[in-house]
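# this is a predicted model, with the sequence first.
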Amino acid sequence: NVPPQGGRKHPHQEFTPVDTTNILFICGGAFAGLEKIIAMRNKGTAIGFGADVKDESKRTVGEALTQLEPEDLLKFGLIPEFVGRLPVIATLTDLDEAALVTILTEPKNALVKQYQRLFEIEGTDLTFTDDALRAIAKRAIARKTGARGLRSIMEDILLDTMFELPGMENVEEVVVNEEAVTSGARPLLVHTDSKQPQSAGSVG
């Protein structure tokens, strides 16, 4: 039974019955800290022949979650009645460099395409080198922010150039190379009257 207007503010309302026979419920989340509970449990069981003796501190979150047991969810704080209604538990591995580059470039609304569209409004092409894309992915992995952190990294790289670009003349292309990602260098600018790129910071 489902309260159509919410349960707390309308305690006397009539409930609407919902047939859940053919409904698949999928519950997902990051469950931050769950890997620590798994590590504590494994410290007490890694004894004897055939035990996995890999240092728990060296495991990635994805590796730790592959050993998830229902008891870990109980210690995490979920109530037994809820855990008992989740018969299948699936874990996801961490996104690697190649996966993050794919997320940056291939989806219909990929971040690279979004920023390229913003630069097109100013009549300028935006190009990322392959090394730059890999460097962006590595920064996201180092920050442990996954795909969510890609936008903030892109903003760090391009914000100043996007602010200054409307006041510049004859900028045909902006090139983001590896140095712009790793060392804080400005993206390179290619002018219509010269094919020699120069740093955005050197333009008056």
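That came through, no problem. Numbers count the residues shown, from 1 in each chain.

# could you measure from the spatially most central residue of the chain over to residue 172?
For the chain, the residue nearest the mean C-alpha position is residue 147 (1.8 Å; CA atoms, centre = their mean). According to CB to CB, to the nearest Å, residue 147 stands 31 Å off from residue 172. No exception for glycine: its C-beta is placed from N, CA and C like everyone else's.

# mind listing what the residue nearest to the residue nearest to the centre of the chain when sequence neighbours are not counted touches?
Of all residues not flanking residue 147 in the chain, residue 103 sits nearest, at 5.1 Å (CB to CB, 6 or more residues apart in numbering). Neighbouring residues of residue 103 by CB atoms under 8 Å, 6 or more residues apart in numbering: 95, 110-111, 147, 150.

# at 7 Å instead, please
110, 147, 150 (CB atoms under 7 Å, 6 or more residues apart in numbering).

# A helix includes it, no?
Yes - assessed with DSSP: H, G, I helix; E, B strand; the rest coil, residue 103 lies in a helix.

# which one of the contacts of residue 103 sits closest to residue 27?
Nearest to residue 27 among the contacts of residue 103, counting by CB to CB, is residue 147 at 20.2 Å.

# now the closest one: how far from residue 89?
For residue 147, the distance to residue 89 equals 22 Å [CB to CB].

# look at the closest residue to residue 70 other than its chain neighbours and say how many residues are nearby.
Closest residue to residue 70 apart from its sequence neighbours, by CB to CB, 6+ apart: residue 83 at 5.3 Å. Using other CB atoms under 10 Å, residue 83 has 16 neighbouring residues.
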